[in-house]
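K.L.:
coords please:
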Amino acid sequence: PIVLLREKKKLAMGVSVGFDKVGAMLPYMPFHYMLFEKLDLPALVLTSGNISDEPIVIENDIALESLSAISDAVLIYNRDIFNRTDDSVAFVVNRRERLIRRSRGYAPQPVNLKLNVDGIFAAGAELVNAFCIGKGNQAIMSQHIGDLKNLEALEFYTESFERHKKLFRMKPELVVHDMHPDYLSTKFAKEMGIPAIEVQHHHSHIASCMAEYNLDEKVIGVSFDGTGLGDDGHIWGGEFFVCDLADYKRYTHFDYIPLPGGDSVTKEPWRTAVSFLHKIYGKKFLGLDLPFLRDLDNSKLNLIVQAIEKNINSPLSSSAGRLFDAVAALTNLCPVSKFHAEAPMRLEAVINFKEDGAYSFDFGDVISFEDTIREIVEDLKEGIPVADISAKFHNTVINVVFGVVSMIRKETGLDKVVLSGGTFQNRYILQNVETILTLEGFKVYSQANIPSNDGGVALGQIAIAAKRRELQISGT
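P.N.:
Numbering: from 1, shown residues only. All right, here's what the predicted structure looks like:
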């Protein structure tokens, strides 16, 4: 796989700009060695043959036409590509390989379960999609499909599903999908004309990790990510559950914050930062001397304030991902994002590992980060280095996890903690949460062979569906 490694020195000025890690792989084909020999270079910069948000191009003529504008060279071959498969991507935390993308070399290797998943099709999520089919006690996950945001991606999804059905001689009898009605994966599932089960996104995340370890009992579930429809119609993503495979109870969550512009906040993190500031200071935040505010157009800023105050296209969110976005924008590291999760990645990249301080937070009915944001603003005013602010913010999130799961253990007696969601691909968060909870006597489960991001959701979906089917059969 491609492995994310910390850079010791820059390969080139244009490679991995603003980040402390680079994706590296060793040559694994004879042709790779030939390229190095002929070009006489210490390293090659490579990428998959696709435009952003689209599947890999499989026809040579289309590749030459569409990819030439974004690359110095396009490597083509005289054999047709029959099945698109992206490179797998991994990182290492606490001496364990953790998959970010499970594709070439890993899929479709089955996951052996203690559940009967035969005949179940799990449609997966909307972003970084991979689906899953059940054969006996084996959950067979597809290769990385990608974001189901356009016709090309949906065609690839459909084509891969048909190929998996044929290859594994599987006839779907039950389909399980996300509860979000607008996901293309949900629409695809509902159009299959077979019995369907809908499941909550973050419960699926926790169930995915449980399935990886064959856990079938009540656990403390911590699910942090960017988005996912909740039972109350709001966007969830900073969630603490007490759950098993069949069901869950939302113990607490990050406080809701309006997202002015809806999905556009993912590309413009400054919007979420403005929302936090407005919640804390009201319109007085406009007088704050913050770099990211100075760079914003006043008319656009006023429109965002109006949208928040009048609740115009400003859905409520408890998302951990959006909190990280807000801090990345506040510190001016990433007010505008060019690709998925750029803001939290930039925030992680600048952490001062020697800084062990943290900010305040409030835990009442929900977890409020108003004090956190207020103290970050004060640090910015005082000229505290962004690297220190990033470290203190990350330490705050770690303290929140420890504090809440400790309270749940005290109330329930549960000591198994399951971590899932894209935020746990943050190496600093994952390493420290695992280490601290383990030292405090918790049994911690985090994903390794299955991605903790939405690429692993389908495994959780199929496990939930199998357990619910089993309980219905037994009449309980």
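
K.L.:
which residue is nearest the middle of this protein?
P.N.:
residue 422 (2.7 Å; CA atoms, centre = their mean).

K.L.:
can you pull the domain assignment for this protein?
P.N.:
2-100, 106-216+450-474, 257-446 (automatic domain parsing).

K.L.:
could those domains go into JSON lines alongside mean pLDDT?
P.N.:
What follows is the domains of the chain, written out as JSON lines (pLDDT from 0 to 100):
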{"stretch": "domain 2-100", "mean pLDDT": "86"}
{"stretch": "domain 106-216+450-474", "mean pLDDT": "96"}
{"stretch": "domain 257-446", "mean pLDDT": "97"}
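
K.L.:
winner for burial among the ones you listed?
P.N.:
domain 106-216+450-474 (a mean of 21; mean count of other CB atoms under 10 Å). Where C-beta positions appear, they are placed from N, C-alpha and C, glycine not excepted.

K.L.:
next one: it to chain centre, how far?
P.N.:
17 Å (CA atoms, centre = their mean, to the nearest Å).

K.L.:
give me the helices and strands touching whichever strand or helix holds residue 188, please.
P.N.:
Per DSSP states H and E: residue 188 is located in helix 184-190. Counting by 3 or more CB pairs under 8 Å, 6 or more residues apart in numbering; DSSP states H and E, the packing neighbours recorded for helix 184-190 are helix 151-167, strand 174-178, strand 196-199.

K.L.:
wait, residue 231 sits on residue 200?
P.N.:
Yes - counting by CB atoms under 8 Å, residue 231 touches residue 200, with 6.5 Å between them.

K.L.:
for residue 386, see how far away residue 352 is.
P.N.:
9 Å (CB to CB, to the nearest Å).

K.L.:
is it correct that residue 14 falls within a helix?
P.N.:
No - if the criterion is DSSP: H, G, I helix; E, B strand; the rest coil, then residue 14 is coil and not within a helix.

K.L.:
tell me the contacts of it?
P.N.:
Counting by CB atoms under 8 Å, 6 or more residues apart in numbering, residue 14 touches no other residue.

K.L.:
and what of residue 276?
P.N.:
Residue 276 neighbours (CB under 8 Å, 6+ apart): 257, 326, 330, 369, 370, 373.

K.L.:
and the closest residue to residue 380 other than its chain neighbours, how far is that from residue 331?
P.N.:
In space, residue 380 comes closest to residue 290 once its chain neighbours are excluded; the distance is 6.2 Å by CB to CB, 6 or more residues apart in numbering. Separation of residue 290 from residue 331 (CB to CB): 9 Å.

K.L.:
who touches both of the two?
P.N.:
What both residue 290 and residue 331 touch, as defined by CB under 8 Å, 6+ apart, is the set residue 380.

K.L.:
partner strands of whatever helix or strand residue 23 lives in and their direction?
P.N.:
Residue 23 belongs to strand 21-24 when assigned by DSSP H and E. The strands beside strand 21-24 in its sheet (DSSP bridges) come out as strand 2-6 (antiparallel).

K.L.:
got a list of contacts for the strand it pairs with?
P.N.:
Under CB under 8 Å, 6+ apart, the answer for strand 2-6 is 20-25, 87-92, 97, 100.

K.L.:
tabulate these (CSV), appending distance to residue 177.
P.N.:
Below are these laid out as CSV (distance: CB to CB, whole Å):
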residue, distance to residue 177
20, 38
21, 34
22, 36
23, 31
24, 36
25, 34
87, 28
88, 25
89, 26
90, 28
91, 29
92, 33
97, 30
100, 23
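
K.L.:
ok, the residues you listed vs residue 434, which is closest?
P.N.:
For the contacts of strand 2-6, the closest approach to residue 434 (CB to CB) belongs to residue 92, at 12.8 Å.

K.L.:
next, the closest one: secondary structure please.
P.N.:
Assignment for residue 92 (three-state DSSP): strand.

K.L.:
and the helix or strand just after the strand holding residue 23, how far out from the chain middle?
P.N.:
Once the chain leaves strand 21-24, the next helix or strand it forms, by DSSP H and E, is helix 30-39. Relative to its chain's centre, helix 30-39 lies at 35 Å (CA atoms, centre = their mean).

K.L.:
ranges for the helices of the stretch 201-350 of the chain?
P.N.:
201-212, 270-281, 291-294, 298-309, 320-330, 342-349 (DSSP state H, counting those that start in this stretch).

K.L.:
of all these, which one is nearest residue 36?
P.N.:
Comparing the helices of the stretch 201-350 of the chain by CB to CB, helix 342-349 comes nearest, at 28.5 Å.

K.L.:
list of residues touching that closest one?
P.N.:
18-21, 269, 321, 324-325, 327-329, 331, 333-334, 337, 390, 393-394, 423, 426-428.

K.L.:
repeat the analysis, applying 7 Å as the threshold.
P.N.:
18-20, 269, 321, 324-325, 327-329, 333-334, 337, 390, 426, 428 (CB atoms under 7 Å, 6 or more residues apart in numbering).

K.L.:
after it comes which helix or strand?
P.N.:
Heading C-terminal from helix 342-349 (DSSP H and E), you reach strand 362-363.

K.L.:
what pairs with that following strand, parallel or antiparallel?
P.N.:
In the sheet, strand 362-363 lines up with strand 367-368 (antiparallel) (DSSP bridges).

K.L.:
any idea how far the strand it pairs with is from the chain center?
P.N.:
That offset, for strand 367-368, works out to 21 Å (CA atoms, centre = their mean).

K.L.:
kindly report the same for stretch 309-326.
P.N.:
Worked out by CA atoms, centre = their mean, stretch 309-326 lies 17 Å from the chain centre.

K.L.:
now swap in stretch 363-383 and tell me
P.N.:
With CA atoms, centre = their mean, you get 24 Å for stretch 363-383.
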